[in-house]
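Colleague: dropping a prediction and its sequence here:
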Amino acid sequence: MTAGALFGILGIGALRFAWGRANRSVILNTAGWMLIGAGLAAGWVYAGAWGVSIASLWAMAAALILLAIAAWRDPARKSRGSDRRAGMLPEPGEPRHLAKRITTFAIVVGGGLVAAIAIGVMTRWAALTVNASVADANVLVFFAVPLVWSILAFLLLMTENRKRQLVCIALPLIAAIPAIVKGSMS
């Protein structure tokens, strides 16, 4: 366990040193990541997933300390921050397009959630079809729904065309029809 912690700490130190230089060094970066990987491997050999967790905690603590020291030493900036905007809010005098924004919210949050639940129902049905226990099938739903919802939210927000957004929601709903029909009959 000590070797895993030491390798992780040395890896973080090597990365901090490499990233603090004027020119990036591929060799130092690679050495840092290899040391972190060796630390995780040593933790795994010693205590499995628990060892990886402990080795990771030591590496994260080292990173926190090094970043805190760097932040403490960094002089305060006298210049103002950038005034650039990401286009999230309209400039003064421009239309707000509230209807479009509310529609996007409804599609992403509401439609995405309904589609994610449909995939969760489909996942449960598929698990039960291959003779998984009810408890395992239920856990798969609890895993699938938030994961799928976050992926769908990303896809829906990145899609500019409303038709494509609706297709992204409709496909999981259509795919879940057999699971819903078979589930209601049993």
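Modeller: Structure received.
Colleague: mind checking how far whatever helix or strand Trp33 lives in is from the chain centre?
Modeller: Using DSSP states H and E, Trp33 sits in helix 26-73. How far helix 26-73 lies from its chain's middle: 20 Å, per CA atoms, centre = their mean, to the nearest Å.
Colleague: stretch 63-80 now?
Modeller: So, by CA atoms, centre = their mean, the centroid of stretch 63-80 is 27 Å from its chain's centroid.
Colleague: just the buried positions in it, please.
Modeller: 63, 66 (16 or more other CB atoms under 10 Å). All C-beta atoms are positioned from the backbone trio N, CA, C, and that covers glycine.
Colleague: any weak-confidence spans in the chain?
Modeller: 79-89, 184-186 (pLDDT under 70).
Colleague: all the helices of it, residue numbers only.
Modeller: Applying DSSP state H to the chain gives helices spanning 2-20, 26-73, 98-105, 112-129, 134-158, 162-175, 177-185.
Colleague: tabulate those helices in JSON lines, adding columns for distance to Pro92.
Modeller: Formatted as JSON lines, the helices of the chain follow (distance: least, CB to CB, whole Å):
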{"stretch": "helix 2-20", "distance to Pro92": "40"}
{"stretch": "helix 26-73", "distance to Pro92": "35"}
{"stretch": "helix 98-105", "distance to Pro92": "16"}
{"stretch": "helix 112-129", "distance to Pro92": "32"}
{"stretch": "helix 134-158", "distance to Pro92": "25"}
{"stretch": "helix 162-175", "distance to Pro92": "28"}
{"stretch": "helix 177-185", "distance to Pro92": "49"}
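Colleague: right, and those - which one's nearest Glu91?
Modeller: helix 98-105 (15.4 Å; CB to CB).
Colleague: mind listing residues that contact that closest one?
Modeller: 157, 162 (CB atoms under 8 Å, 6 or more residues apart in numbering).
Colleague: specify the angle between it and helix 134-158 in degrees.
Modeller: Counting by axes from the mean of the first three to the mean of the last three CA atoms, to 10 degrees, helix 98-105 lies at 150 degrees to helix 134-158.
Colleague: the inter-axis angle of helix 98-105 versus helix 162-175?
Modeller: Using the same axes, to 10 degrees: helix 98-105 against helix 162-175 is 30 degrees.
Colleague: distance of Ala118 relative to Pro178?
Modeller: Ala118 sits 11 Å away from Pro178, going by CB to CB, to the nearest Å.
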